[in-house]
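*Asks:* I'll drop the sequence and a predicted model, then ask my questions.
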Amino acid sequence: MKSHTLTIAADLAELARVMEMIDEFCAGVNASAADVSALHLALEEIVTNVITHGYRNDAARSFTVRLESSEADRIRAVVADDAPAYNPLARAEVNTALPLEARPVGGLGVHLVKKLMDVCMYEHRDGRNVFSIERRLSRAAGAAASISIATSRLASSATLALSGRLDGLSSPELEQQVLGLIASGVKALTFDLSGLDYVSSAGLRVFIIAAKKLKASGGAAQFNSLTPAVREVFHISGLLTALGVMPQA
């Protein structure tokens with residue numbers, strides 16, 4: 001069995017180390033770009049929840065993330081922490097059919113994990129939360145870069161062209177730009193997602209905030225040219241309909 005265990009501090013900056021571990025491990029088992037992206041997203045959601053909710057961002061505390069592959073076509077990840085007992089899988093299912101107006105801003109993380117993984121298990125063992133996920137592999141790997149945002153504006157409309165990764169570390173930058181544009185009078189905001197390789201629930205949260213705020217002020221957000229990986233995340237989150245994303249040509 002191939003395995004690797006990483007001990008990380010309860011600091012969101014540690015997400016970069018987790019992503020590097022996934023990339024290195026997946027390269028060794030010839031995982032596909034879709035597998036890598038799914039594992040990035042699932043572990044980002046789980047690790048972020050432990051850091052922000054379990055440990056309340058106390059960087060003096062630590063926990064472990066383990067990747068293992070005991071079968072040729074599967075990767076298993078296990079996150080173990082000693083925060084207060086909490087089973088994320090016991091949360092109510094997300095209603096992905098809700099219209100934008102009835103949508104909560106957050107709450108999509110665990111839903112994404114369950115949809116992207118083949119197996120999700122939680123247990124409280126020996127005073128520790130142990131969250132395990134498994135995914136069947138589909139082969140042949142790829143990589144992604146940090147978020148890049150290019151802004152163009154004309155009067156009360158603007159376009160944000162995103163490329164790279166929109167995750168828990170990069171989404172605050174986008175949120176700041178979005179809120180700044182709206183505060184300055186932008187009513188029509190277009191998100192060009194043709195270069196976006198990856199989006200987590202943190203990024204979806206920014207999109208929902210933008211759409212809600214613009215609609216409340218009589219404006220609108222538009223989402224164009226979704227890459228296949230991003231379209232899948234929108235689809236399983238029910239946001240293709242809620243955000244009015246146009247069908248692919």
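*Replies:* Good, I have the coordinates.

*Asks:* mind listing what's buried along the helix or strand that contains V78?
*Replies:* In this structure, V78 sits in strand 74-81 according to DSSP states H and E. Within strand 74-81, the residues scored as buried using 16 or more other CB atoms under 10 Å are I75, R76, A77, V78, V79, A80, D81. For every residue, glycine as well, the C-beta is placed using N, CA and C.

*Asks:* quick one: contacts of that strand?
*Replies:* 25-26, 29, 31, 35, 39, 42-43, 46-47, 50, 54-55, 63-70, 118, 128-137 (CB atoms under 8 Å, 6 or more residues apart in numbering).

*Asks:* any idea how far it is from the chain center?
*Replies:* The chain centre lies 17 Å from the centre of strand 74-81; the measure is CA atoms, centre = their mean, to the nearest Å.

*Asks:* just stretch 50-61 next, same as before
*Replies:* 19 Å.

*Asks:* got the end-to-end distance for that stretch?
*Replies:* End-to-end distance for stretch 50-61, by CA to CA, to the nearest Å: 11 Å.

*Asks:* same check on stretch 67-86?
*Replies:* In stretch 67-86, first residue to last residue: 21 Å (CA to CA).

*Asks:* ditto for stretch 22-35
*Replies:* Start-to-end span of stretch 22-35 (CA to CA) is 10 Å.

*Asks:* in it, what counts as buried?
*Replies:* Residues of stretch 22-35 classed as buried by neighbour count (16+ other CB under 10 Å): I22, D23, F25, C26, V29, A31, A33, A34, D35.
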